[in-house]
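Engineer: quick one: sequence plus predicted model below, questions after.
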Amino acid sequence: MKKFAIISLISIIIITLSTGCQSNTDKQIPIKMKSQEEQMQIQNNYTYDDYKHVYEEVLLETEKFDIKDAKLKKWVIRTLIQEKLNYETDLTQEQVLQLSKEKMNKEKAWKEIAAKEYGIKLKDNEIDQYIKDSLDTVDVPKQMKAYADVLGLSIENLNYRYDRDLYEKNLIWEKLIPKLEEKYSTNDMKVLLQKYNEEVDNTVKSIGTLVE
């Protein structure tokens, strides 16, 4: 099982994982993460019902935003889930919306740079096969089942449609790794991730992609 794929589609976007987090706009949002121990306790001890409760709370909170854009609504849901499971910081509604817009726009730039600068373009059948390979080797995780149930989706629709973009990003990253290793003369994943995110951030700032 590709661990990245399972984790990301549940609560977090794996390419932006870190021990701390800040917004990329001039209005920075300092975010304190839960300790590694706390996060591991949640991962190891949460039951299906625990996750279901978290996701139900998130959906109720999301409705308060009155968001019409389906894609942005999805990112707000993801941000709220990450806040509940990974952040020590309590975000305001304004901060949640800002972070969600940033993540949505950064992901777009992230994929565009991979295509334009590194020639990585995926076909639909490649993504389908990647999802299939990721799901075929393990039983459905309890957090995934809870997520699908709360969203009113089948496991298939959750992965092949709703969270397809996350699998796509993971597969792009796998294809980026050897190109980045050659460019930066290192196979240190942290360094490669940092370097590529810097490329993305610089591009986002130069073209004004982020929405405030």
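Structural biologist: Looks like it came in fine.
Engineer: grab the nearest non-local neighbour of Leu99.
Structural biologist: Ranked by Cβ to Cβ, 6 or more residues apart in numbering and with sequence neighbours excluded, the top spatial neighbour of Leu99 is Thr79, at 5.2 Å. To be clear about C-beta, it is placed using only N, CA and C from the backbone, and glycine gets the same treatment.
Engineer: can you list the buried residues in the one helix or strand the one you found maps to?
Structural biologist: Counting by DSSP states H and E, the element that carries Thr79 is helix 70-86. The neighbour-count check on helix 70-86 (16 or more other Cβ atoms under 10 Å) flags 72-86 as buried.
Engineer: give me the local confidence score for the residue nearest to Leu99.
Structural biologist: At Thr79, the pLDDT value in this model is 96.
Engineer: and if you look at Val140?
Structural biologist: Looking at Val140, its pLDDT reads 87.
Engineer: and it, how many neighbours?
Structural biologist: Look at Val140: counted by other Cβ atoms under 10 Å, it has 13 neighbours.
Engineer: need the three-state assignment for it.
Structural biologist: What DSSP: H, G, I helix; E, B strand; the rest coil gives for Val140 is coil.
Engineer: list the contacts for the nearest residue to it once chain neighbours are set aside?
Structural biologist: Of all residues not flanking Val140 in the chain, Ile155 sits nearest, at 5.7 Å (Cβ to Cβ, 6+ apart). Contact analysis of Ile155 by Cβ atoms under 8 Å, 6 or more residues apart in numbering lists 135, 140, 144-145, 148.
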